[in-house]
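A.B. asks: Structure for this input, please:
(chains A and B)
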Number of protein chains: 2
Amino acid sequence: MSGDSFTEIKGGVTAPRSFLAGSVYAGIKAGNTSRADIAFIHSEIPAVAAGTFTTNRVKAAPVRVSRAHIRAEETQTIVANSGNANACNGVIGIEHAKQMVRATAKAFGVKERGVLVASTGRIGVPLPIEAMEAAIATAPGAVCDAKGEGSLRAAEAIMTSDTFPKEMAVELELHGTTVRIGGIAKGAGMIDPNMATMLAFVTTDATIEKKLLGEALLDAVEQSFNRITVDGDMSTNDTVLMLANGAAGAPALHNGDPEFERFQEALNHLLFNLARMIVEDGEGVTKFVTIQVHGAKSRQDSREAAEAVANSVLTKCAWFGGDPNWGRIMDAIGYSGARIREEMIDIYYDGLIAVKNGTPASTPFEQLQKVVAEPRFTITIDLHMGEAEYTVYTTDLSTRYVELNMGE
Amino acid sequence: MSGDSFTEIKGGVTAPRSFLAGSVYAGIKAGNTSRADIAFIHSEIPAVAAGTFTTNRVKAAPVRVSRAHIRAEETQTIVANSGNANACNGVIGIEHAKQMVRATAKAFGVKERGVLVASTGRIGVPLPIEAMEAAIATAPGAVCDAKGEGSLRAAEAIMTSDTFPKEMAVELELHGTTVRIGGIAKGAGMIDPNMATMLAFVTTDATIEKKLLGEALLDAVEQSFNRITVDGDMSTNDTVLMLANGAAGAPALHNGDPEFERFQEALNHLLFNLARMIVEDGEGVTKFVTIQVHGAKSRQDSREAAEAVANSVLTKCAWFGGDPNWGRIMDAIGYSGARIREEMIDIYYDGLIAVKNGTPASTPFEQLQKVVAEPRFTITIDLHMGEAEYTVYTTDLSTRYVELNMGE
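C.D. replies: So this is what the prediction gives:
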């Protein structure tokens, strides 16, 4: 990361100027009587918004509402609850998501179309909407700026099976003005490319047009959240939202401008690190594994091969046990759909060659075992068929994962 | 199964006349000093053969050799070893597979092209070919007909992590003559549609042309082995082989003939039951789950939806824990790629409605729990989008599964 033109700072989503964050308690989670369960991120001045949403055809009600509201020219507030996904609740679900929006708009004195909504948690259970409306009414008194701990409290309020809150912020000079980008996220369970059961909210005080913000967010999501996979399942609720309020007073960013490139680089760094936190906090995860596929005939081929290896239950079980088992990797490449020639494939574990021309290489098994015993390692697959490449980030599959997912 | 025109009998692959089977010991499995590891099935008279093979692009050497030999007009002998898959061994692997064929042809006095070969076990380790050749030379003295236990011994010799040998035979009257069909199989681990790490060998003394035998086998495989899935991985070695030697002396079967339909029905029954044995013997399996998708727009849609549900790691963990969790089923349908409308979906557990129009139905949760507590149950999904349907057979995912697969 040498030569980076940004630095990591504290403050999460409130690091950018004129953003407030915080949380309230509405008692959504059964049996959990103390933890806040509704998070807010609020810009004191109108902002522009961008968002990416789950590609699952079963979409939670808040996803449907936010997909409509994201088209508004001005956005000011994000409201997000944990404990209940508000998915598979039919028309009542849509009405409840709208009630969350209405209560938030009223509390902060903003337009309803200026509010975005997200939910995560149990499917098929109606929200306790009256209790939530009452709690939301108290939100303006519960949010604070970077001098307080509002971002951390918001990050905690969206946690489900997450074991730690995820937040990050960076700052960089654009046209001589200090601009900041901050983010919070939650993950754990059902993490997959196309953003499964994952929420991330990003703020910036840069000045950027809505359309360009959308392009920047899409690029950053493609390099981060769309590359992570824990169990191959994709959720009904995944949402990434970003607000830009221009409060830094820097000149507007323009596509092609070197300053925009630097902004993009900082945004990518932020989202990649939030994504990595999500993977490393995946349910029962003991290893963070990077799968790089080189030399594919097409990007599609490289992606298919990488994702097949990353999602192979057998490969993931082997990693959990510290077994290099490149045979299972060859097998997954073979059924991935990617165009390959078995006798052209090379496989490396942290640079040590394990497979050469589709057959065992000379690296002693014990050395490969040492790599797979580490908490982080990289498997590089060279198909020697072309120039395309793709990288995904994944985990092992542990007995603890099964235990955590065998009942609710 | 009322009205079936066949009956189940004993004898496995030696139930059909003029078939011999048995096994020899070559010491292929490290540390296992007693269990036979090479199986033989031999027709005393020339037979016609049909086969279906893995679609994995990484193909074991025996698959490559058998795919060539299956084109021969006459076939007499199948040789199959466990303990070593002879996959990812490059040109040496091909040479070893051919040496297995050559030794078998010599031992039984048949043409090399009349021998089919299969292997299952570890990937990337050369076969101990000299020991195997010596053992194969003794094979003719180790095979016997239905009066002996040759079929059982062959079924045991191809076992890897299987916990019981799998064999079955049926008999039926065709044109007034008793015709028999027998089979053995091995599975466990990496079981998936398109026949993953699974071997099945079928014999019949019916008279049938090579081309029609191929069609009959393909139809039966499509209804059985291609519908089962334990972990979504597909192996490099999967092979189904069938020999028909005409020894019953019945008139030749012809397509469209009612007698052929009855033969097909009996063959389908045999393969389905071998496939079910494989699923129920899957590593760490505690439940056999049938997933039926009705009302899809196309067969492709119904298949995608069924396979997504069957392969969802989260859904399978929930079944292991006895948790109905229809939310995870809705989620899997949503990302399956099938064309759906959330608000049209109904889901039943053994006929009890759990989801109506995409939202929770009135069946008490406790009743759904009772279904999922059973060792066998059926989940029926009606998409209400069209007429197409598809069924797959799968299992839960247990902590024991992970333990069994975390190292070799």
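
A.B. asks: so A:L253 sits right up against A:F263, yeah?
C.D. replies: Yes: contact criterion CB atoms under 8 Å: A:L253 and A:F263 qualify, at 5.7 Å. Any C-beta I mention is one placed from the backbone N, CA and C, and that applies to glycine too.

A.B. asks: Can you work out which residues contact both of these two?
C.D. replies: Residues touching both A:L253 and A:F263 by CB atoms under 8 Å, 6 or more residues apart in numbering or on different chains: A:L174, A:A206, A:I208.

A.B. asks: what residues are up against the closest residue to A:E343 other than its chain neighbours?
C.D. replies: Excluding its sequence neighbours, the residue lying closest to A:E343 (CB to CB, 6 or more residues apart in numbering or on different chains) is A:G358, at 4.5 Å. Residues near A:G358 by CB under 8 Å, 6+ apart: A:M330, A:R341, A:E342, A:E343, A:M344, A:I345, B:V58, B:C88, B:G90.

A.B. asks: Quick one: neighbours of the fifth one, just the number.
C.D. replies: This points to A:M344. By other CB atoms under 10 Å in any protein chain shown, the residues close to A:M344 number 13.

A.B. asks: Now A:K287: closest residue in space, sequence neighbours ignored.
C.D. replies: Distances taken as CB to CB, 6+ apart put A:D396 closest to A:K287, at 4.3 Å, once the chain neighbours are dropped.

A.B. asks: From A:F260, how far off is that neighbour?
C.D. replies: Distance, A:D396 to A:F260, by CB to CB, to the nearest Å: 38 Å.

A.B. asks: The two: who's more crowded?
C.D. replies: Between A:D396 and A:F260, counted using other CB under 10 Å, the more crowded position is A:D396 (25 against 19).

A.B. asks: quick one, what contacts the more buried one?
C.D. replies: By CB under 8 Å, 6+ apart, the contact list for A:D396 reads A:V285, A:T286, A:K287, A:V289, A:K316, A:C317, A:W319, A:F320.

A.B. asks: got the contact list for A:S336?
C.D. replies: Residues counted as contacts of A:S336 (CB under 8 Å, 6+ apart) are A:E304, A:A305, A:E307, A:A308, A:V309.

A.B. asks: and the first one, what does it touch?
C.D. replies: Listed by CB under 8 Å, 6+ apart, the contact set of A:E304 reads A:S336, A:G337, A:A338.

A.B. asks: Report how many residues lie close to A:E112.
C.D. replies: 15.

A.B. asks: isn't it right up against A:Q99?
C.D. replies: No: counting by CB under 8 Å, A:E112 stays clear of A:Q99, with 10.6 Å between them.

A.B. asks: what about A:E389, which helix or strand?
C.D. replies: Using DSSP states H and E, the element containing A:E389 is strand A:388-395.

A.B. asks: Check A:T315 too.
C.D. replies: helix A:313-320.

A.B. asks: Show me what that helix is packed against.
C.D. replies: Counting contacts by 3 or more CB pairs under 8 Å, 6 or more residues apart in numbering or on different chains; DSSP states H and E, helix A:313-320 packs against helix A:326-335, helix B:399-405.

A.B. asks: After the longest strand out of those in chain A, which helix or strand is next?
C.D. replies: Assignment by DSSP state E gives strand A:38-53 as the longest strand of chain A. Remark: after strand A:38-53, the chain's next helix or strand is helix A:61-69, criterion DSSP H and E.

A.B. asks: Pop the domain breakdown of chain A in here.
C.D. replies: Structural domains assigned to chain A are A:6-280, A:288-405, following automatic domain parsing.

A.B. asks: Now the terminal residues of the first one, how far apart.
C.D. replies: Meaning domain A:6-280. Across its full length, domain A:6-280 reaches 24 Å between end residues, using CA to CA, to the nearest Å.

A.B. asks: And stretch A:143-158, by the same measure?
C.D. replies: Start-to-end, stretch A:143-158 (CA to CA) is 15 Å.

A.B. asks: ok, residues contacting that stretch?
C.D. replies: Residues outside stretch A:143-158 that contact it (CB under 8 Å, 6+ apart): A:10-15, A:18-24, A:35-42, A:80-82, A:118, A:120, A:142, A:165-167, A:182, A:184-186, A:199, A:201.

A.B. asks: The residues you listed in strands, which ones?
C.D. replies: Using DSSP E, A:19-24, A:38-42, A:80-81, A:118, A:166-167, A:182, A:184-186, A:199, A:201 are the members of the contacts of stretch A:143-158 that sit in strands.

A.B. asks: who in the stretch 301-408 of chain A is up against chain B?
C.D. replies: A:311-314, A:317-318, A:320-323, A:325-328, A:330-335, A:338-340, A:342-343, A:355, A:357-360, A:397-399, A:401-403, A:405-408 (CB under 8 Å from any CB of the partner chain).

A.B. asks: Buried subset of those residues, written for ChimeraX?
C.D. replies: Here is the ChimeraX command that selects the buried residues among those (16 or more other CB atoms under 10 Å in any protein chain shown):
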select /A:311,312,313,314,317,318,320,321,322,323,325,326,327,328,330,331,332,333,334,335,338,339,340,342,355,358,359,360,397,398,399,401,402,403,405,406
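
A.B. asks: Counting residues, what is the longest helix that chain A contains?
C.D. replies: helix A:258-280 (DSSP state H).

A.B. asks: pLDDT (mean, whole number) over the next helix or strand along the chain from it?
C.D. replies: Per DSSP H and E, the first helix or strand lying C-terminal to helix A:258-280 is strand A:288-296. The average pLDDT within strand A:288-296 is 96.

A.B. asks: cool, stretch A:140-147 as well?
C.D. replies: Average pLDDT, stretch A:140-147: 94.
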